[in-house]
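J.: Turn this into a structure:
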Amino acid sequence: MLAARAQFPRLLDVLNPKGEGGAVVGFGVPLAADAKKEDLNAPIQRGVYALSSPDRKTVLKMMVLPKEEAGFDPAAFARSDAAQSWDPELRLRVESTWMLLQLTFESYDPETYSALDFFLSVAQRLALLCDGVVADPVSQVYRLPSQVFSLRPDGVPIAAADHVQVKHRLHEGSVHVFTCGLIKFDQPEVEVYGISGANTDSAARFLMGLAQSVLLGSRLEPGAAVGVKECALKVAVGGLDRGMWDGIPCLELIPEGKGTTDEAVVAWLGSVGG
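T.: Here you go, the predicted model:
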């Protein structure tokens with residue numbers, strides 16, 4: 001989390017056992033050797049903290065450090081190509097970054113979905129209280145607090161859009177569309193080449209749908225077919241662009257029979273009603 005305030009909230013404002021004052025329900029403690037109970041009522045400072053869910057099945061480590069110590073240059077980052085399409089408020093907050101709060105899992109609920117919701121809830125609460133931005137460097141997503149959670153239908157335990165981004169780039173006269181973020185779940189990223197500009201958004205929807213299925217437990221394996229049966233795409237080992245995917249496993253979707261990847265995406269879009 002990129003914090004634009006120098007003055008931090010109390011740990012009890014971020015999370016407390018009853019969720020009072022809009023805090024996340026949970027427990028937090030500073031891990032400094034000289035930490036005292038009174039520190040819960042003091043502003044968060046540079047250092048390391050442990051944050052846990054109410055049942056203590058999920059525990060996060062929060063490291064608070066200055067941007068200089070983290071090697072983060074907010075002004076340079078805000079000028080990067082990736083930031084040019086950002087909302088002005090998002091760019092302003094990134095440019096104003098004062099401190100970084102890094103959240104990592106120490107342990108998590110075996111059910112997984114509740115652990116992920118707890119993680120994002122804490123990040124969202126911190127960003128809200130610190131005029132901050134929630135940054136996910138793996139999926140390359142930077143979000144304002146109100147953008148952290150996507151709408152999800154009742155009964156659906158996870159929204160892939162909360163954890164995965166679908167990106168695209170021009171490649172040899174067409175568009176290369178690919179996921180970023182599935183690797184966080186020890187799953188390969190997914191890519192598809194040969195998409196037309198007109199169908200880029202549809203291909204992104206298609207890959208996000210596949211990511212949703214993966215996060216609900218359906219693994220993608222080489223040799224499987226996805227999409228519409230009459231114009232299916234076959235899952236194959238991908239990641240042949242080693243400059244892009246070095247060290248990251250990736251699966252590629254290729255035409256199974258007649259037709260192109262672009263035509264397969266159009267067929268899929270028609271099957272789901274546009």
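J.: For the rest of this, base every contact and every neighbour count on C-alpha atoms.
T.: OK.
J.: Can you tell me what sits against the host helix or strand of residue 267?
T.: Assigned by DSSP states H and E, residue 267 belongs to helix 261-271. With Cα atoms under 8 Å, 6 or more residues apart in numbering as the test, helix 261-271 has contacts from 192-196, 199, 202-203, 206, 227-228, 231-233, 253-255.
J.: So which of those are in helices?
T.: Among these, DSSP state H puts 202-203, 206 in helices.
J.: Can you tell me which of these are buried?
T.: Buried residues within the ones in helices among the contacts of helix 261-271, counting neighbours by 16 or more other Cα atoms under 10 Å: 202-203, 206.
J.: where's the helix holding residue 267 relative to the chain centroid, distance-wise?
T.: Centroid displacement of helix 261-271 relative to its chain, using Cα atoms, centre = their mean, to the nearest Å, is 27 Å.
J.: and what of stretch 133-148?
T.: Averaging C-alpha positions (Cα atoms, centre = their mean) puts stretch 133-148 7 Å from its chain's average.
J.: end-to-end on it?
T.: 9 Å (Cα to Cα, to the nearest Å).
J.: pLDDT (mean, whole number) over it?
T.: Regarding stretch 133-148, the rounded mean pLDDT is 95.
J.: And the contacts of it?
T.: Residues from elsewhere that reach stretch 133-148 (Cα under 8 Å, 6+ apart): 1-3, 90, 93-94, 120, 123-125, 127-128, 132, 162-165, 179-182, 184.
J.: Mind checking which of those residues land in helices?
T.: 90, 93-94, 120, 123-125, 127-128.
J.: list the contacts for residue 127?
T.: 1-3, 133-134, 144-145.
J.: And residue 61, by the same measure?
T.: So residue 61 contacts 48-51, 102-106 (Cα under 8 Å, 6+ apart).
J.: Doesn't it lie inside a helix?
T.: No: per DSSP: H, G, I helix; E, B strand; the rest coil, residue 61 lies outside any helix segment and is strand.
J.: what pLDDT does it get?
T.: Value listed for residue 61 in the pLDDT field: 98.
J.: any idea how far residue 269 is from residue 205?
T.: Distance from residue 205 to residue 269, counting by Cα to Cα: 9 Å.
J.: can you check residue 212 too?
T.: 16 Å.
J.: and what of residue 156?
T.: The spacing between residue 156 and residue 269, counted by Cα to Cα, is 22 Å.
J.: Between those two, which is the more surrounded one?
T.: Between residue 156 and residue 269, residue 269 has the larger neighbour count (other Cα atoms under 10 Å), namely 18 against 9.
J.: Phi and psi next, for residue 156.
T.: Here the main-chain torsion angles of residue 156 (degrees, to the nearest 10) amount to phi -90, psi 120.
J.: what's near enough to touch it?
T.: Applying Cα under 8 Å, 6+ apart, one finds that residue 156 lies in contact with no residue.
J.: Give me the pLDDT for it.
T.: We note a pLDDT of 96 for residue 156 in this prediction.
J.: And for the one 3 residues further on?
T.: As predicted, residue 159 sits at a pLDDT of 97.
J.: tell me the mean pLDDT for stretch 39-56?
T.: 94.
J.: centre of the chain versus it, how much separation?
T.: With Cα atoms, centre = their mean, you get 23 Å for stretch 39-56.
J.: same thing with stretch 37-51?
T.: Worked out by Cα atoms, centre = their mean, stretch 37-51 lies 26 Å from the chain centre.
J.: Can I get it as CSV, trimmed to CA atoms?
T.: The C-alpha coordinates for stretch 37-51 follow below in CSV (Å, rounded to 0.1, in the frame of the first residue of the first chain):
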residue,chain,number,x,y,z
LYS,A,37,-0.2,-2.7,24.8
GLU,A,38,-0.5,1.0,24.7
ASP,A,39,1.1,1.0,21.3
LEU,A,40,-2.3,-0.1,19.9
ASN,A,41,-3.6,3.4,20.6
ALA,A,42,-0.5,5.1,19.1
PRO,A,43,-0.1,5.9,15.4
ILE,A,44,1.4,3.2,13.3
GLN,A,45,5.2,3.8,12.8
ARG,A,46,8.0,2.4,10.8
GLY,A,47,8.4,-1.2,11.8
VAL,A,48,6.8,-4.6,11.6
TYR,A,49,3.3,-5.7,12.7
ALA,A,50,1.3,-8.9,12.8
LEU,A,51,-2.4,-8.7,11.7
